[in-house]
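> with the input below, show me the fold.
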Amino acid sequence: MERSDSVIIAEVIKQNENFQSTLLAEPGTPEGDFAEKDKAQGKPTFVSYEVKVEEVIVGEDVKETTNLFYNADFIGVEPDLKPSMRIVTSVKKGTAPEQERSYSFTRYATYYVVDENYVISAYQGNNDEMRSFTNQTDRKTLSNGDDTFV
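Predicted coordinates for the structure are as follows:
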């Protein structure tokens, strides 16, 4: 859980309007370099979804209704969530004032819940190692016997 605050199961309620936010980061770090670049180009835009949290699998509590977001530079790469979709995802608290009470998420730690109880990775991998991991997790059930995901 080093890079996230919680892992949740959630249902997408709606896509919110995109929002802009100033990135806060330490100078001299990769995040700080990215923030400096963004300052020159203006505030970055983020895609946001309202979700209903069904369960916190591990980590800190997350409000029942919360927002998930990702940088709009990654539209077409990150998951394009739709209302009523269910997901399992690792989330990290937003750090900027505009991200307060919202959480970032990424395709690398997001799974779609299909057929009521099975998971499929949002990221299928681009090398044998990543595809091997995806093959181990895809089609697992959320919680049903020996072949479970959580």
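> any regions of this structure where pLDDT drops low?
In the prediction, the chain carries residues with pLDDT under 70 at positions 1-2, 23-26, 29-41, 124-150.
> where do the helices sit along it?
Ranges of helices within the chain are 30-41, 128-137, based on DSSP state H.
> quick one, strands of this structure?
Taking DSSP state E as the criterion, the chain carries its strands at 6-15, 19-20, 45-59, 65-71, 86-93, 102-104, 110-114, 118-121.
> need these in CSV with mean neighbour count and distance to Asp80, can you?
Where you see a C-beta, it was placed from the backbone N, CA and C, and this is true even at glycine. Output for the strands of the chain, formatted as CSV (neighbours: other C-beta atoms under 10 Å; distance: least, C-beta to C-beta, whole Å):
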stretch, mean neighbour count, distance to Asp80
strand 6-15, 19, 9
strand 19-20, 15, 17
strand 45-59, 18, 9
strand 65-71, 19, 11
strand 86-93, 21, 12
strand 102-104, 21, 16
strand 110-114, 20, 11
strand 118-121, 20, 15
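> would you reformat those as JSON lines and include distance to Val77?
As requested, the strands of the chain are exported to JSON lines (distance: least, C-beta to C-beta, whole Å):
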{"stretch": "strand 6-15", "distance to Val77": "16"}
{"stretch": "strand 19-20", "distance to Val77": "19"}
{"stretch": "strand 45-59", "distance to Val77": "11"}
{"stretch": "strand 65-71", "distance to Val77": "9"}
{"stretch": "strand 86-93", "distance to Val77": "15"}
{"stretch": "strand 102-104", "distance to Val77": "14"}
{"stretch": "strand 110-114", "distance to Val77": "12"}
{"stretch": "strand 118-121", "distance to Val77": "14"}
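> out of those strands, which comes closest to Pro79?
Among those, the nearest to Pro79 by C-beta to C-beta is strand 110-114 (5.5 Å).
> what's the closest one packed up against?
Strand 110-114 is packed against strand 86-93, strand 118-121, with contacts defined by 3 or more C-beta pairs under 8 Å, 6 or more residues apart in numbering; DSSP states H and E.
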